[in-house]
Structures are given as C-alpha cells and as structure tokens.
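J.: My questions are about this predicted structure, shown below with the sequence.
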Amino acid sequence: MRNDTARHDITVVGGGLAGVCAAVAAARLGRTVALVNNRPVLGGNSSSEVRVWVCGATGHGKNHHAREGGIMGELFVENQYRNPDGNPYYWDTVVLDAVRAEPNITLYLNTDVREVDAEGPDDARRITALTGWTMGSERRVRFESEVFLDCTGDGLIGYLAGARHRIGREARAEYDEPWAPETADDITLGSTLLFYTKDAGRPVKYVPPDFAKDITTTSIPQRRIIKAGDNGCAYWWIEFGGELDTVHDNERIRDELWSVIYGIWDHIKNSGEFDAETMTLEWVGSLPGKREYRRFLGDYVLHQGDILGQTEFADRVAFGGWSIDLHPPQGMYATEAGAKQRYADGIYHIPYRSLYSVNTANLLFAGRNISASHVAFGSTRVMATCATIGQAAGTAAALCADAGISPRELEVASLHRALLREDASVIGLASDDPDDLALRATTTASSTLADLTVETSDATWPLTADAGLVLPADPALTGLELLLDAERDTVLTVELYDPELGQNYVPRRLVGSVSVPVAAGRGQWVKTGLEWAPDTPRNAFVVVRADPALALRVADRPTPGVLCFTRVPLRPQDESPQPLREWTDSGLLRRTFCLRAGETAAFAPAKAVDGYARPYAGPHLWVSEPVREGAREWLELAWDEPVALRRIEVVADDDVNEDLINLHHHRTPFDTLPTLVRDYRVEVRDAAGADWRVVDRVTANRRRRRVHVLEEPVTARAVRIVVEATNGAASAHVVAVRAYR
C-alpha cells in the first residue's frame with residue numbers, strides 16, 4: 001500500500017457530467033484540478049455502467065432553442081459526430097477524451113473518497129483535505145486544495161464536512177409549493193436499472209433465475225407498458241426505493257430491481273403474449289441509477305415557483321427546462337401513473353446562490369445535490385442541466401481559487417463575464433467583456449438574409465388543429481402572407497401573440513387578431529394584415545386557427561429564425577394551462593409554412609457582435625443570403641483605430657433547437673449539424689490598410705466554438721471571417737466573433 005498527497009487548486013469529487021464539466025471549466029481557466037471518481041468510467045448515470053440517456057432543457061423537443069451550450073454542448077455535438085447511433089461505450093470515450101484534453105486536470109478513477117478533514121464551528125465550516133482509496137492500485141491519496149466541489153450526487157463529501165443538507169420532501173407551506181405534501185417527510189425518488197435486448201436471428205430459450213419475480217402477481221402488467229422490442233429508455237419506470245433509504249438500502253433496491261427485470265423478461269419470453277422467440281438479453285445493469293438523496297442548503301433554495309414562474313435571478317448562472325418530473329414513492333408498484341410532470345412556459349434560470357454551501361466556506365456543489373426543494377429538484381436533476389450547473393460551479397471555483405476568496409465573496413459580474421466568454425448556458429445576458437474588442441467594432445458583410453420569404457411548397461398541412469408560427473419581429477412585423485388551399489369559401493382567423501419572455505416560444509399576450517375572407521381555391525397567397533412594432537426585437541407567435549376547409553402549404557426545409565407548430569390536446573393527467581405541451585413541432589421539425597414576412601434586421605452583421613451567443617427574443621446571429629455556387633460569404637469587423645490582436649474566436653451556429661441525445665432515446669438524422677460552417681478562413685487587414693492576409697484556416701469543421709491564437713500579435717484595422725462552405729445549410733451562419741489582445 002502507498003500513501004500519497006495530491007495538491008491542486010481545486011478538487012472535484014464525482015465524475016458524472018456535473019463533475020466532468022466543473023473540472024473542465026476550472027482547468028480551462030488555468031487552475032489545476034483533481035477530478036476524483038469512484039467508478040472506472042466517467043459519465044455517472046449516463047455511462048455504459050448505467051446507460052441513462054442525457055435529458056436536459058429541451059424536454060426532448062418541447063422547449064425550443066434550449067439545447068445546452070458550453071461544455072455540455074460540446075459533448076452533445078461531438079457525440080453526434082462520433083456516435084449517432086448511441087453506442088454507450090463510444091459515449092464513454094467522448095467524455096473521457098474531453099477530460100484528457102485538459103492538461104490541468106489530473107484524473108483519479110476507481111478512487112473512493114470516504115474521509116473529509118474539516119474544521120470550524122457548525123455555522124462556519126471549512127474543508128482542509130479529503131482522503132481517497134484507489135481500488136486495484138492500493139493507493140491512499142490525500143487531496144489538498146483551497147476549493148472543493150461535491151459532485152457526487154449523493155452528497156457524501158459535504159455530509160462528512162458538516163455541510164447543511166436535507167433529504168426528502170419539504171412541507172407545502174415552507175416554500176408555498178402546490179406539489180409538495182402537506183407534511184414534510186423523508187420520501188425520495190427511487191432508483192432504476194435498465195436492460196438491453198437484441199434479436200439473435202435464431203430461436204433463443206430463456207430459463208429465468210430463481211430470484212426472478214413473477215410479475216403477473218403484481219400490478220406491473222396492468223399499469224405499465226411492456227413490449228418485446230423496446231429499448232432501454234422505455235423502461236425508465238422500473239423504479240424502486242423511494243420509500244427506503246436510497247443510499248443505505250442500495251443493495252436491497254438493486255436486488256428488487258433485478259428480480260423485476262428478469263421477471264419482465266420471463267414474461268416477454270415465456271408467457272406466449274409476445275413475438276420474442278429470437279430475442280435475447282444483451283445487457284442488464286448492475287449499478288442502480290439513483291435519482292435523489294441529499295440536497296445541500298445554499299444561500300438560496302430554488303423552489304417550484306421559481307421553475308414555473310421562470311424567476312429572472314440577477315445571479316443566474318445556468319438554465320433548465322425539463323418538466324417538474326416527480327414519481328410516486330412506490331415506483332413500479334404504484335397504482336398511479338409513473339410520472340407527474342409540469343412544464344414552465346420555457347426554460348428557467350438557476351441562481352449562483354444555490355451552488356455553494358450556506359455553512360461550509362470553501363464548498364461548492366453541482367448536479368442533483370444543489371440547493372433546491374424536492375419539487376424543484378424534480379426538474380433540475382436531469383443530467384444535461386446538472387452539467388451546465390457543473391460548468392457554472394467549476395468556473396466559480398476557478399475564480400475563487402485565483403482570488404483567494406470564498407464562493408460567497410465572488411462578484412457575480414465577474415462570474416457572468418467568465419461564463420459568457422466560455423459560451424456557457426446562461427440565458428438573457430449580453431456579454432460586456434471589456435477585453436473583447438469585437439464589441440466595439442463596426443460590422444459589414446458580403447450579404448445578409450434580409451427577407452423572410454418561403455414560396456416553394458412541398459406538401460400541404462390541413463388545418464385540422466390550430467397552427468403556430470414563430471418568427472422574429474425585428475424591428476417590426478409589417479405584414480404577413482400565408483400560402484394556403486381552401487376547399488370552399490371560408491374565413492381565415494389569425495392571431496398575433498407576444499411570448500413576453502425572450503426564451504419563450506408559446507403564445508402568452510394577445511397583440512392583435514384578424515379575420516380574412518378566403519375564396520375557394522388552391523395555392524392562394526393571403527395577406528393577414530398583421531402588424532407589430534415592439535419597443536425591442538421580439539419573437540412573434542402567430543396562431544392560425546383551425547378550419548377543416550383550409551390547408552397551409554409547407555416547405556420541407558428549415559428557415560433561420562422561424563419555428564412551426566401544431567396544437568395538440570393535453571393528456572387527461574396534465575394540469576392546464578400548459579402551453580408547452582399543447583404546441584408541438586411534431587411533423588413540422590425542419591419544415592416551414594410557406595410565408596412572406598417581408599424585411600427583417602434579425603440577421604444583420606451587427607448581431608454577431610451584440611454580446612449574445614444564443615437565441616433570446618430573436619436569433620442573434622449573422623446569416624448570409626443563400627450561398628451561390630463558387631461564391632464566398634464574409635463577415636467583417638473593423639475599428640476606427642488600429643487594435644492589437646492575438647486571439648480571435650469564432651462561434652458557429654450549432655442549431656440549439658436541434659434535440660441531440662447521447663444514447664438510445666432517438667436519433668438525429670445527421671452527424672454534423674448543417675448550420676455549422678465547414679470551411680472558413682480568418683483574415684486581417686493591417687494598420688496600413690493593405691490587402692487582406694490569411695492568419696488561419698479551418699476545414700471540415702464540426703464544432704461550435706473555434707479559438708484562433710495567432711503566433712504573433714498583429715496590429716489590425718479589420719478582421720474578416722470568410723466562409724468557404726457550410727455543412728449543408730443554404731446560408732452562412734455565424735453566431736459571434738470575438739477578438740482579444
């Protein structure tokens with residue numbers, strides 16, 4: 001056995017996506033980081049050991065322009081390129097590569113931390129060191145740092161340090177949460193095991209183990225959907241342990257889950273009710289995927305009202321968008337539905353004050369153990385959201401370690417600047433980074449998409465239900481025409497709504513309504529007469545009311561800044577109103593209703609230097625006119641006086657409306673997002689105003705953010721990004737250009 005001491009600026013315990021993103025974020029800001037994980041692979045519940053698919057703010061497509069950015073976004077996009085079919089082992093390598101790419105991270109796998117040295121009174125604790133045991137290597141490692149992050153999920157590190165925490169459900173009155181129980185209790189969400197099946201191509205028998213449960217003696221066959229060919233995500237409801245202690249009863253919970261999985265397979269194979277003669281089990285999990293245990297207390301406790309009310313925190317550092325998703329304590333044996341869900345009208349904010357301990361000065365946390373009530377945790381617990389929280393906490397830790405201050409002392413403005421510079425998942429804040437010279441530049445471009453017109457149709461969309469259309473009102477919506485067919489004379493009713501919040505894509509406040517007579521006939525352009533000139537650029541939500549005599553024409557291609565929807569009824573168990581459930585792009589994803597919306601400034605060159613790097617009350621990117629064969633589109637930044645440049649960053653459009661997934665839930669039909677620029681060059685014009693000079697070139701790009709560090713600083717009057725090819729989009733898209741000395 002060997003005893004070692006590891007000294008790093010920051011120690012992150014927990015190698016799930018929250019811990020990975022925290023470690024990478026801190027390392028990129030120049031801090032040395034120990035990333036300690038008690039499993040042999042990274043990824044936590046998303047790893048090949050557990051195989052839970054990574055959910056996040058998109059809500060599997062219900063929220064729009066909501067896919068996570070920053071480090072989690074990089075993982076999604078890279079996995080889509082390497083692993084579009086969702087192989088769990090390929091996903092492991094994507095996550096591991098992201099960590100190993102950072103020289104400031106030292107990775108400790110198979111290292112279980114069980115000892116925490118902390119000092120101080122109950123209301124002012126401080127961690128001095130952690131000690132871990134590395135299995136197989138017989139190493140006992142003491143980790144010393146100034147700042148520690150508990151990303152363990154279960155919260156063991158904070159617990160051992162004396163950080164205040166809660167387990168279970170708060171009483172309804174504590175945070176005025178309608179979904180909380182009347183009386184507080186220790187009930188949590190349960191744990192799940194998944195399984196994979198495959199077709200062996202020949203008859204395969206199945207002899208169940210003795211411990212397999214006869215599920216026909218339970219309520220499972222009557223209450224849950226069982227199919228022979230379903231993939232692992234269909235069986236998320238194999239859940240147990242909410243009424244137990246999900247940590248200390250972990251072995252009992254695992255055994256019960258195993259007995260049910262093998263019992264379900266026995267039912268599928270041997271009951272005669274399924275076509276499963278050639279099916280066999282390919283993999284069964286052995287490590288329960290835990291949903292809930294300790295939740296630490298920070299200076300703020302996020303609650304149900306913040307989720308559904310989309311509270312706009314001044315210290316917001318991350319966002320979520322998954323529904324409040326609570327499961328019955330009895331799990332798979334419950335008589336009610338397996339999940340109760342409620343969506344906000346769009347994505348919501350997560351405050352920095354929920355990421356550090358109220359009583360342990362140098363402890364931050366990220367993942368499912370943040371400072372949130374049980375009800376709010378029902379949304380924040382999903383892994384892509386945990387990852388964005390991880391990047392925020394890791395960034396804060398790096399700034400604290402650099403300045404020698406506690407997380408509570410950190411200035412939020414400096415944290416915001418660092419997060420925005422690193423392309424993190426923060427909504428509704430524009431960068432004011434004084435070091436970014438691009439924010440002071442004047443922009444021009446070879447061309448700009450200035451007319452929202454889609455005239456060529458590929459199909460019809462019968463108006464059997466209300467249709468929705470979101471498009472930018474920038475600076476105004478001065479007229480909208482729709483292409484439609486009418487079986488008979490009728491009246492077209494169109495309404496215009498303001499979604500009110502910049503991150504929302506549902507109708508909230510009625511702006512105006514028109515009714516237009518339409519004569520029978522096909523292929524008619526109908527002028528709606530709708531007009532809107534908001535004080536600032538906004539998303540406009542147009543509702544076209546259902547009429548069985550009408551059908552809209554639709555083009556089988558996406559249009560920048562435009563979303564199309566149809567309205568569906570809520571399920572019987574859904575609370576109303578819940579517009580995010582009612583308006584879906586099912587059947588309309590990557591398609592556009594044929595329209596003439598007139599001139600727009602939504603894609604002007606200046607949008608690439610307005611400080612925003614995500615859609616918010618508009619697209620916030622430069623888009624060229626459709627690229628002509630052999631043409632080159634360019635975006636130029638110029639300064640009144642020469643500037644010294646050493647670093648130029650290009651943020652491409654990875655289409656955050658596209659719902660990517662890491663494993664088996666669904667497949668997105670392209671490996672590289674078409675909106676990303678593929679080939680481009682970076683050019684500068686020097687102080688003398690001479691010809692353009694190429695300082696860097698990129699080919700076969702598949703990433704959102706590219707950083708160009710010049711070998712030597714240059715004194716320039718202008719920078720130009722020349723797009724030579726896209727990955728399939730009709731136009732060149734650039735979200736942002738940044739320039740630094």
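T.: Structure received.

J.: Could you report the distance from residue 607 to residue 740?
T.: 20 Å (Cβ to Cβ, to the nearest Å). All C-beta atoms are positioned from the backbone trio N, CA, C, and that covers glycine.

J.: If you could redo that for residue 453, that was the one I meant.
T.: 38 Å.

J.: So between the two, which is more surrounded?
T.: residue 740 (18 against 13; other Cβ atoms under 10 Å).

J.: pretty sure the more buried one is touching residue 434, no?
T.: No: with contacts counted by Cβ atoms under 8 Å, residue 740 stays clear of residue 434, the gap being 10.6 Å.

J.: Neighbouring strands - and their directions - for the lengthiest strand in the chain?
T.: Looking across the chain with DSSP state E, the single longest strand is strand 705-726. Strand pairing for strand 705-726, using DSSP bridges, gives strand 633-652 (antiparallel), strand 677-686 (antiparallel).

J.: A helix includes residue 398, no?
T.: Yes: checked against DSSP: H, G, I helix; E, B strand; the rest coil, residue 398 lies within a helix.

J.: what's the pLDDT at it?
T.: Note on residue 398: pLDDT of 98.

J.: my read: it touches residue 32, true?
T.: No: the criterion here is Cβ under 8 Å, and residue 398 misses it with residue 32 at 10.1 Å.

J.: any idea how far residue 120 lies from residue 143?
T.: 19 Å.

J.: of those two, who's got more company?
T.: residue 143 (27 against 15).

J.: helices and strands of the chain: which one bottoms out on pLDDT?
T.: helix 220-223 (a mean of 88; mean pLDDT, DSSP states H and E).

J.: Heading C-terminal from that helix, find the next helix or strand.
T.: As assigned by DSSP states H and E, the chain's next helix or strand after helix 220-223 is strand 239-240.

J.: so what does that next one touch, helix or strand wise?
T.: Contacts defined by 3 or more Cβ pairs under 8 Å, 6 or more residues apart in numbering; DSSP states H and E place strand 239-240 against strand 191-192, helix 250-270.

J.: what's near enough to touch residue 496?
T.: 477, 510, 511, 512, 513, 530, 532, 540, 541, 542, 543 (Cβ atoms under 8 Å, 6 or more residues apart in numbering).

J.: re the thing from before, in CSV, list the strands paired with strand 705-726 along with mean neighbour count and distance to residue 379.
T.: Output for the strands paired with strand 705-726, formatted as CSV (neighbours: other Cβ atoms under 10 Å; distance: least, Cβ to Cβ, whole Å):
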stretch, mean neighbour count, distance to residue 379
strand 633-652, 19, 28
strand 677-686, 20, 34
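
J.: possible to save those strands as a markdown table with distance to residue 201 and mean pLDDT?
T.: What follows is the strands paired with strand 705-726, written out as a markdown table (distance: least, Cβ to Cβ, whole Å; pLDDT from 0 to 100):
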| stretch | distance to residue 201 | mean pLDDT |
| --- | --- | --- |
| strand 633-652 | 43 | 97 |
| strand 677-686 | 40 | 96 |
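
J.: Out of the ones you listed, which is closest to residue 329?
T.: Judged by Cβ to Cβ, the one of the strands paired with strand 705-726 that comes nearest to residue 329 is strand 633-652, at 44.7 Å.

J.: Give the buried residues for the helix or strand hosting residue 126.
T.: Applying DSSP H and E as the criterion places residue 126 in strand 126-134. Buried residues in strand 126-134, counted by 16 or more other Cβ atoms under 10 Å: 126, 127, 129, 130, 131, 132, 133, 134.

J.: Residue 725 contacts residue 676, correct?
T.: No: the criterion here is Cβ under 8 Å, and residue 725 misses it with residue 676 at 10.5 Å.

J.: Compare those two (neighbour count), which wins?
T.: Counted by other Cβ under 10 Å, residue 725 and residue 676 do not tie: residue 676 has more neighbours, with 20 against 15.

J.: Could you report the neighbour count for residue 214?
T.: 11.

J.: Would you agree it is in contact with residue 260?
T.: No: if you go by Cβ under 8 Å, residue 214 and residue 260 don't touch, sitting 10.3 Å apart.

J.: what sits against residue 226?
T.: Residues near residue 226 by Cβ under 8 Å, 6+ apart: 220, 264, 267, 268, 274.

J.: Mark which of those are buried, thanks.
T.: Among the contacts of residue 226, the ones that count as buried by 16+ other Cβ under 10 Å are 220, 264, 267, 268.

J.: pLDDT score for the last one?
T.: pLDDT for residue 268: 95.

J.: Next one, pLDDT for residue 573 please.
T.: 87.

J.: go on, residue 517?
T.: Residue 517 is given a pLDDT of 97.

J.: name the element it belongs to?
T.: strand 509-518.

J.: what mean pLDDT does whichever helix or strand comes after that strand have?
T.: Following strand 509-518 in sequence order, the next helix or strand is strand 521-527 (DSSP H and E). Averaged over strand 521-527, pLDDT sits at 97.

J.: if we can go back for a sec, please identify the most buried of the helices and strands packed on strand 239-240.
T.: Highest mean neighbour count among these (mean count of other Cβ atoms under 10 Å): strand 191-192, with a mean of 28.

J.: Many thanks, have a good one.
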